[in-house]
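Undergrad: Following is a predicted model, sequence given first.
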Amino acid sequence: MDMPWTDRAGRASKLRIAALLLILGPALVLVIAAATGGLGAKPLTKAIHETGEWAVRFLLLSLAITPLRRITGRARLVTVRRLIGLAAYGYVLAHFALFAADQGWNPVRIGTEIASRVYLAIGLLALLGLTALAVTSTDAWIRRLGPRWHALHRIIHACAALALLHFFMQSKIDADQASFMAGLFLLLTGYRLAHRFGAPLASPALLAAVAAGAALGTAALEAAWYGLATRIPWQAVLSANLTITPEPRPAFWVLVTGLAIALLALRRGVAAHRPGRER
């Protein structure tokens, strides 16, 4: 039987062990905080938010594996993609279970809450989509579905978009984290579109352009959200993205992330053209 920390040959994999530690770390921190009273006056609410945020983070990380593999040339990254995707689903399940616990495990109350709050219904749609992906993530299902498996698993992008919308709607007037996550999603979508149209993802210039586009998109998305969902003028939010004082906005961090990836590609290109590497 394959273990989460072993490769297909049954050997311990340093990459998979590192991925497991990354996955289990937030859960362990949350459990310790719950046991020691570190979750504040509303521990269940805090735990619901924490598991939801980590679910989105791991979902985006799973989407990042393929473009990072193409950009860095690290083919082995693909070996942890399924593991990270299942981790995202695990945190989604924990998020929903804690919500159910907050409703006293009462099915009628749970159903009523979901039916009466749009953002909960959107979150449930994301959960159902991710459940379909988790159930069919095994090798047996890949063989059974054949080419249809790839078509089915493309809905992960829709699930991520729904999860981000759910995140935005429950964030209300404090949408910095949601804006940053949405910006990373725009960054990953830019990589995906560039690859689909045949652009070389190893090009630092292309990656820098995608980073700039994602940052602009993040600024526009954040301004639109605050303009539509709050009374904060969207113009003020948009202008705040033009400065890093008093603190950088999410668009700045999206740009930094994208440029860091472009620098990785540049470093890889320089290393590949060193005399000692030529054949």
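TA: Arrived safely.
Undergrad: so where's the protein uncertain?
TA: Applying pLDDT under 70 to the chain flags the ranges 1-2, 270-279.
Undergrad: which SSE is the spatially most central residue of the chain in?
TA: When Cα atoms, centre = their mean is applied to the chain, the residue found nearest the centroid is residue 60 (1.9 Å). Using DSSP states H and E, residue 60 falls within helix 43-72.
Undergrad: for that helix, which positions count as buried?
TA: By neighbour count on 16 or more other Cβ atoms under 10 Å, the buried set for helix 43-72 is 46-72. C-beta: built from backbone N, CA, C; applies to glycine.
Undergrad: that older thread, show me what contacts the closest residue in space to the residue nearest to the centre of the chain that isn't next to it in sequence?
TA: Nearest residue to residue 60, sequence neighbours excluded (Cβ to Cβ, 6 or more residues apart in numbering): residue 184, at 5.3 Å. The contact partners of residue 184, by Cβ atoms under 8 Å, 6 or more residues apart in numbering, come to 60, 64, 214, 254, 257.
Undergrad: tell me which element residue 184 falls in.
TA: Assessed by DSSP H and E, residue 184 sits inside helix 176-196.
Undergrad: In the helix or strand just after that helix, which residues are buried?
TA: Downstream of helix 176-196, the first helix or strand assigned by DSSP H and E is helix 204-229. Buried residues in helix 204-229, counted by 16+ other Cβ under 10 Å: 204, 206-223, 225-227.
Undergrad: so helix 204-229 versus helix 43-72, what angle?
TA: Helix 204-229 runs at 150 degrees relative to helix 43-72, counting by axes from the mean of the first three to the mean of the last three Cα atoms, to 10 degrees.
Undergrad: Offset the numbering so it begins at 34, please.
TA: Yep, numbering from 34; the last one is helix 237-262 now.
Undergrad: That's all I had, so thanks and see you.
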